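Student: Provide a 3D model corresponding to the input given below.
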Amino acid sequence: MSISVQPLIPDEIPNWCDFFNQPEFYNLYKTGTSLYFSLLFEDKLIGVCHFTEIEPGYYRSPFRGTYGNISFKDDLDLKIKNNCVKEILIYFENLNAKKIEIISRPFSHHIHDESSLLNIYLNEGFIIINQEINHSLIVDSKPLVEKMMRNNKKRLNKCERENFVFEQVFSKPDIEEVYQTIKENREGKGYKVSMTLEQILEMYNVFEESVYFFKSTQHGKCLAACVCIKLNNNVLYVFYWGDKQGFEQYSPVVFLANGIYNFAQQKQFKLIDAGTSSLKGIQNFGVATFKENLGFTISPKLTYKKVYE
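Tutor: Down below sits the predicted model:
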């Protein structure tokens, strides 16, 4: 079986490549020890991935980003995927690597590929060093209100009666307002925003067609906001979201979620990923309950590590 791993960026990236494996994303955060791999079967591109040496001999996928792992062409059989992983490991053996760490995408994104890779990695000597619970929502013809719990239906109806407006924004002042709303929300809960406004704007400048900004307003005042990313043709990722304190009687983020869902329907996404509801495997029950009351369900997101003897 003619499979090879080439340390190069292909001339053309197919639509099955995930956002975090796009060369443009890789180029934003690569270091002098980063490696981008093209996986070839009979000289045809069937997969891509990238790793960065975070300390001598210790390689991680990704260096930055929500997840790394391999983006595979659809409909590959298990043997081809298995041999691709073997070739990657041979490459790292030749580099005298000491450790490899891989953060998987949530299983809900592609249950077939992630289940295949789980089996392959464990058979190749990887162990699972972390597991997170991730929440996602299937997008279909049903309105979101039919998937919500009863209390959220009441909140959504209240927002609609009180003239809330959902809108996508594009200008720098509007994006700054979206970012500031999210920043205030997270800081009010004792968390930091992982990216600065400047980094968000830089990412948007590179990925204008894949990064979306939304807000919910009442009488022109922004009460909830979010940043979403198109991960691929099927998955829309809620990267950041939050609402302003003091408007709990409305719960404007419920209205925001409904707008995101409607947008996903229009753009023909199949899944909305709302991110993890745990940290280092420890569940955040409040966050998990909030997402599940909106209709989201759980799938695992794993981190693998292999230590070379």
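Student: State the paired neighbours of the helix or strand where Leu40 lies in the sheet, together with their directions.
Tutor: If you go by DSSP states H and E, Leu40 is part of strand 34-41. In its sheet, strand 34-41 lies beside strand 3-6 (antiparallel), strand 44-55 (antiparallel), with partners assigned from DSSP bridges.
Student: Comparing the ones you listed, which comes out most buried?
Tutor: Of all these, strand 44-55 has the most neighbours on average by mean count of other CB atoms under 10 Å, namely a mean of 20. In short, each C-beta sits where N, CA and C put it, glycine included.
Student: residue ranges for the helices of the stretch 101-250 of the chain, please.
Tutor: 111-123, 150-161, 172-188, 197-206 (DSSP state H, counting those that start in this stretch).
Student: Can you lay out those as a markdown table showing mean pLDDT, distance to His135 and mean neighbour count?
Tutor: Formatted as a markdown table, those follow (pLDDT from 0 to 100; distance: least, CB to CB, whole Å; neighbours: other CB atoms under 10 Å):
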| stretch | mean pLDDT | distance to His135 | mean neighbour count |
| --- | --- | --- | --- |
| helix 111-123 | 96 | 15 | 17 |
| helix 150-161 | 92 | 14 | 16 |
| helix 172-188 | 94 | 17 | 17 |
| helix 197-206 | 94 | 22 | 15 |
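Student: Between those, which one is closest to Glu24.
Tutor: helix 197-206 (5.2 Å; CB to CB).
Student: Please tabulate the helices of the stretch 101-250 of the chain in CSV, including the columns distance to Leu40.
Tutor: Converted to CSV, those look like this (distance: least, CB to CB, whole Å):
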stretch, distance to Leu40
helix 111-123, 18
helix 150-161, 48
helix 172-188, 39
helix 197-206, 26
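Student: now for those helices, which one comes closest to Val254?
Tutor: Comparing these under CB to CB, the one sitting nearest is helix 150-161, at 4.7 Å.
Student: distance of Phe247 from Phe170?
Tutor: 25 Å (CB to CB, to the nearest Å).
Student: circling back to that earlier point, which residues touch the strand holding Leu40?
Tutor: The contact list for strand 34-41, computed with CB atoms under 8 Å, 6 or more residues apart in numbering, reads 1-10, 23, 26, 30, 45-53, 59, 63, 70, 72, 76, 80, 84, 87-88, 91.
Student: How about stretch 245-258?
Tutor: 144-145, 148, 152, 155-156, 158-160, 162, 164, 166, 184-185, 188, 214-216, 218, 223-226, 241-244, 294.
Student: Name the residues of it that are buried.
Tutor: Neighbour counts using 16 or more other CB atoms under 10 Å place Phe247, Tyr250, Ser251, Pro252, Val253, Val254, Phe255, Leu256, Ala257, Asn258 of stretch 245-258 among the buried residues.
Student: same question, stretch 69-78
Tutor: Asn69, Ile70, Ser71, Phe72, Lys73, Leu76.
Student: quick check: mean pLDDT across it?
Tutor: For stretch 69-78, mean pLDDT is 93.
Student: Quick check: phi and psi at the spatially closest residue to Ile138 that is not a sequence neighbour.
Tutor: Spatially, and ignoring its direct neighbours in sequence, Ile138 is nearest to Leu271 (6.2 Å; CB to CB, 6 or more residues apart in numbering). With angles defined as degrees, to the nearest 10, Leu271 sits at phi -150, psi 140.
Student: Show me the beta-bridge partners of Leu271.
Tutor: Beta bridges link Leu271 to Ile138, Val235 when assigned by DSSP bridges.
Student: if I look at it, how far off is Asn205?
Tutor: 26 Å.
Student: Any regions of the stretch 1-150 of the chain where pLDDT drops low?
Tutor: 1 (pLDDT under 70).
Student: where exactly do the strands run in it?
Tutor: Using DSSP state E, counting those that start in this stretch, the strands of the stretch 1-150 of the chain run over residues 3-6, 34-41, 44-55, 58-61, 71-72, 99-103, 127-138.
Student: and what of the stretch 201-309 of the chain?
Tutor: Using DSSP E, counting those that start in this stretch, strands in the stretch 201-309 of the chain cover 211-218, 221-230, 235-243, 271-276, 278-279, 282-283, 297-307.
Student: packing partners for the fifth one?
Tutor: With contacts defined as 3 or more CB pairs under 8 Å, 6 or more residues apart in numbering; DSSP states H and E, the packing partners of strand 278-279 are strand 127-138.
Student: List the buried residues of the strand it packs on.
Tutor: Neighbour count says strand 127-138 has Glu132, Ile133, Asn134, His135, Ser136, Leu137 buried, by 16+ other CB under 10 Å.
Student: Contacts only, for the third one.
Tutor: Same thing as Asn134. By CB under 8 Å, 6+ apart, Asn134 lies in contact with Pro106, Phe107, Ser108, Asp273, Gly275, Thr276, Ser277, Ile298, Ser299, Pro300, Lys301.
Student: which residues touch the first one?
Tutor: By CB under 8 Å, 6+ apart, Pro106 lies in contact with Tyr67, Glu114, Asn134, Ser136, Asp273, Ser299, Pro300, Lys301.
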